[in-house]
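J.: could you work out the structure for the sequence below:
(4 chains)
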Amino acid sequence: MININSNNILKGWDRNTIAEKIANDLPHGSYVNLGIGMPELVSQYIKDDREIIYHSENGLLGMGPSPNENEIDYDLINAGKKPVTILPGGSFCHHADSFSMIRGGHIDYCVLGAMEISIKGDLANWSTGKGIPAVGGAMDLVAGAKNVFVMTQHLTKEGKPKLVNECSLPLTGASVVSRVYTDYAVLDITDNGFKVIKIADDIPFEYLQSVTEGKVYQ
Amino acid sequence: MININSNNILKGWDRNTIAEKIANDLPHGSYVNLGIGMPELVSQYIKDDREIIYHSENGLLGMGPSPNENEIDYDLINAGKKPVTILPGGSFCHHADSFSMIRGGHIDYCVLGAMEISIKGDLANWSTGKGIPAVGGAMDLVAGAKNVFVMTQHLTKEGKPKLVNECSLPLTGASVVSRVYTDYAVLDITDNGFKVIKIADDIPFEYLQSVTEGKVYQ
Amino acid sequence: MEINKVKEKMTDLLSDVFDGATIMVGGFGEAGSPIELLHGLIDHGAKNLTIIANNAGNGNIGLGALIGQKQVKKVICSFPRSPKGITFAEQYNKGEIELEVVPQGTLAERIRAAGSGIPGFYTATAVGTPLAEGKEEKIFNGKKYILEEALHADFALIKAEVSDRYGNLFYNKTARNFNPIMSMAAKNTLVQAKKIVQPNFTNPEHVITPGIFVQKVIEIKEPIIETIAIEEGLTYP
Amino acid sequence: MEINKVKEKMTDLLSDVFDGATIMVGGFGEAGSPIELLHGLIDHGAKNLTIIANNAGNGNIGLGALIGQKQVKKVICSFPRSPKGITFAEQYNKGEIELEVVPQGTLAERIRAAGSGIPGFYTATAVGTPLAEGKEEKIFNGKKYILEEALHADFALIKAEVSDRYGNLFYNKTARNFNPIMSMAAKNTLVQAKKIVQPNFTNPEHVITPGIFVQKVIEIKEPIIETIAIEEGLTYP
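T.: All right, here's what the predicted structure looks like:
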């Protein structure tokens, strides 16, 4: 691994480009749960050739975009506790029914952020091991969704690889991630390592390997 | 035990009287499940000093009486698959929710028929051991309801005791019955035997003991 | 492109059904029983089916007719006796059809568990009875419970009152019964609805089965009423 | 005599609450959070409470205020961090309050299990993580699951939109969340509803929490809106 410092960190895709790539990989008719934060961007890049239905853990299926200021209903919020809307054909349910959708394998895709992803598909995204522990629905989503996509920067703010041989942080789930979308590449978790599906134009393969723990292959 | 034959079988309460006694023991505000057949009579004897809410296993809370011929809705039936009505304040739910009411201990009283009741409160009422086995919701009711009342003739059609030391037929539940209402008496299941709460006017205690297996006491 | 789960032809609805499939059939008695889908399944001809339902058919229509056609090898149900449940009784008495009797609440909960990602749960129902034989026991707070496992299915045949193109379902009164939980438990949930409406007309507060649990829907405007059909001597095919 | 679960006074509603009680509190974030009942509980003064909720309070109203009054010894929840969750954080950092973190779906399912007579169930959630430590494991079809136990409560504090005298409850949008399942899981379910209506106006197809799960109801016509209240600096008492 090369010694990464601010001088040799390359710039790959911006977060909108990553979101668009994920959006293009969600098939028509999918039921999708987008994690709070960066993954929420994905919904802005869904093309007209498909209809996607968004699930929010707090009992909302068919979630729509944020409301205008004057249309805010504090009883209509998403899992991030922000005001949202509901689209025609949507529905409300209670928490056990909502998590039946997740845990029963009915959510086709969930897109989550990550602190670390191991080469075996282990995910750590809920705890730095410090502060007040708070897990929310992350462990249910990774255990239950049919496909777990991760959307993340390839490197931590400190310039360390997030794609690692072994997660050092507390796990959210073991062997749960199927695909990782970073600013440098789209990579599948396989038995042979991180398989590159796409790589950003300005990122040489050798660089990608150098900023990733564990084998990367094409 | 005396040798019971048609010559010395006494006549006790009729089924309407038994139903009335049960009705008087159901407190105001109770949620009650009445088994198909004889127990259905109970609802006719509820006094005006109380409101009882009837549950039917097939997702109906707040069941009302049978409809008039011209008001039959084949989508509004009871657990016996007969047309019924729903009262104001009633509700429909699916089968898992309906049995959550039963299995979760939310039904205050269920009243069921019986083939045999043991001195320990075991109940056999679902199978003669012959024919096509069919259990329905009986096992859930006896395992889940807060109080299990049995409404039955004291003797079988063949003149044999239904209150026995050990059930010979397949059990519906073990140690589940709290009280038995027969044409001869009202009896509680206790550690010391069948305790007589009430006895029909024309039934001598010695006769009651003679037509009951196991200890009867007052 | 818009999601549209509504099919025009019964053959499209049932196209994926295969021999040996496990099929849940909604309904309790006649209420909520998908008679037209069952007749479609007779026309389809799939064999060696395992049926999960509350009952085992009545008369020679619907499930009773499917069994009569010898398409069913096993029934998992709580109550296989009906006043006119002739086809099941005949085959059962000859040893031609298998039966697994499950307490009604355990049946409902096993189905709901399958839809909710729960492979097994403990229950007090049936403890100490013949239906607990061979089941794992466990004590919680001094009381004995048995382990029951999830009941999955390849297909669920569902009868609803109203659907939209997403498969959001509404039921009529006690015709709800097993339909919502079976919709959750099957890989493919196939629905007959009396009416298809636009999604703007499905109140999100009142949806009983959200479309996420539904794969295909067909409109059957005037479904057969079992009681009347049996009285009139209707049989299928 | 008619069933009537509606109480006029908060003190009647909360009269049975005792020191050391386990209390479920409905709501997810501010939606469906019974702020007035929690303020009633502050006035009541019960101590050493175990709270089961999704969150651990925000600001100095509702659950945040109850914790601020040192009435809570333990919180069982999925997400005890909130932007203004100061009271819990303070006591947690000083070791003055216990915390059990439960994955949100497991929390919901454990609550539902309590209401449904299920003492334990298996789930894949948290397998291989620190939250699975010490839990029994079992393999079903080659996959590992852990055993989770039912979460019961002495009381549930519920916020609803509409109730009738039977306690049939309706919710508004995502304010439904944990309220229906907590209503099932508690021995005493105590409800604040924005509106009490006659039973003829509660459509039996649309009831979300049937009255069988509810013990007492009080009408709170204009409940506090948390976001606005915190912005305005409201605190309780």
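J.: hey, let's count contacts and neighbours off CA atoms from now on
T.: Fine.
J.: pLDDT on the longest helix anywhere in chain A, on average?
T.: Determined from DSSP state H, the single longest helix within chain A is helix A:15-25. Taken as a whole, helix A:15-25 has a mean pLDDT of 98.
J.: following that helix, which helix or strand comes up?
T.: strand A:31-34 (DSSP states H and E).
J.: which strands or helices does that next one pack on?
T.: With contacts taken as 3 or more Cα pairs under 8 Å, 6 or more residues apart in numbering or on different chains; DSSP states H and E, strand A:31-34 sits against strand A:53-56, strand A:109-112.
J.: swap in 10 Å and give it another go.
T.: Contacts defined by 3 or more Cα pairs under 10 Å, 6 or more residues apart in numbering or on different chains; DSSP states H and E place strand A:31-34 against strand A:53-56, strand A:60-64, helix A:95-103, strand A:109-112, strand A:147-151.
J.: quick one, which of the ones you listed gets closest to chain C.
T.: helix A:95-103 (4.1 Å; Cα to the nearest Cα).
J.: and the angle for the closest one with strand A:60-64?
T.: Angle of helix A:95-103 versus strand A:60-64, following axes from the mean of the first three to the mean of the last three Cα atoms, to 10 degrees, is 80 degrees.
J.: could you dump helix A:95-103 to CSV, C-alpha only?
T.: Provided in CSV are the C-alpha atoms of helix A:95-103 (Å, rounded to 0.1, in the frame of the first residue of the first chain):
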residue,chain,number,x,y,z
HIS,A,95,-43.2,-0.6,13.0
ALA,A,96,-43.5,-4.4,13.2
ASP,A,97,-45.1,-4.5,9.8
SER,A,98,-42.5,-2.1,8.4
PHE,A,99,-39.7,-4.2,9.6
SER,A,100,-41.4,-7.4,8.3
MET,A,101,-40.9,-5.8,4.9
ILE,A,102,-37.1,-5.5,5.7
ARG,A,103,-36.5,-8.6,7.7
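J.: hmm, that helix in reach of chain D?
T.: Yes. Counting by Cα under 10 Å from any Cα of the partner chain, chain D is contacted by helix A:95-103 at A:95-100, A:102-103.
J.: need the residues you listed in TSV with neighbour count and distance to chain C, can you?
T.: Converted to TSV, those look like this (neighbours: other Cα atoms under 10 Å in any protein chain shown; distance: Cα to the nearest Cα, whole Å):
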residue	neighbour count	distance to chain C
A:His95	29	12
A:Ala96	28	9
A:Asp97	25	8
A:Ser98	23	9
A:Phe99	30	7
A:Ser100	26	4
A:Ile102	31	8
A:Arg103	29	5
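J.: so can I have TSV of those residues showing pLDDT and distance to chain B?
T.: Formatted as TSV, the residues of helix A:95-103 next to chain D follow (pLDDT from 0 to 100; distance: Cα to the nearest Cα, whole Å):
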residue	pLDDT	distance to chain B
A:His95	98	14
A:Ala96	98	12
A:Asp97	98	11
A:Ser98	98	15
A:Phe99	98	16
A:Ser100	98	13
A:Ile102	98	19
A:Arg103	98	17
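J.: before we move on, the earlier item: which strands and helices lie in contact with the longest helix of chain A?
T.: strand A:147-151, strand A:179-181, strand A:185-190.
J.: can you report how many residues lie near A:Asn192?
T.: 12 (other Cα atoms under 10 Å in any protein chain shown).
J.: isn't C:Pro80 right up against C:Phe28?
T.: No. Look at C:Pro80 against C:Phe28 with Cα atoms under 10 Å: they stay out of range, at 11.4 Å.
J.: shared neighbours, the two?
T.: Among the neighbours of C:Pro80, those also in contact with C:Phe28 (Cα atoms under 10 Å, 6 or more residues apart in numbering or on different chains) are C:53-55.
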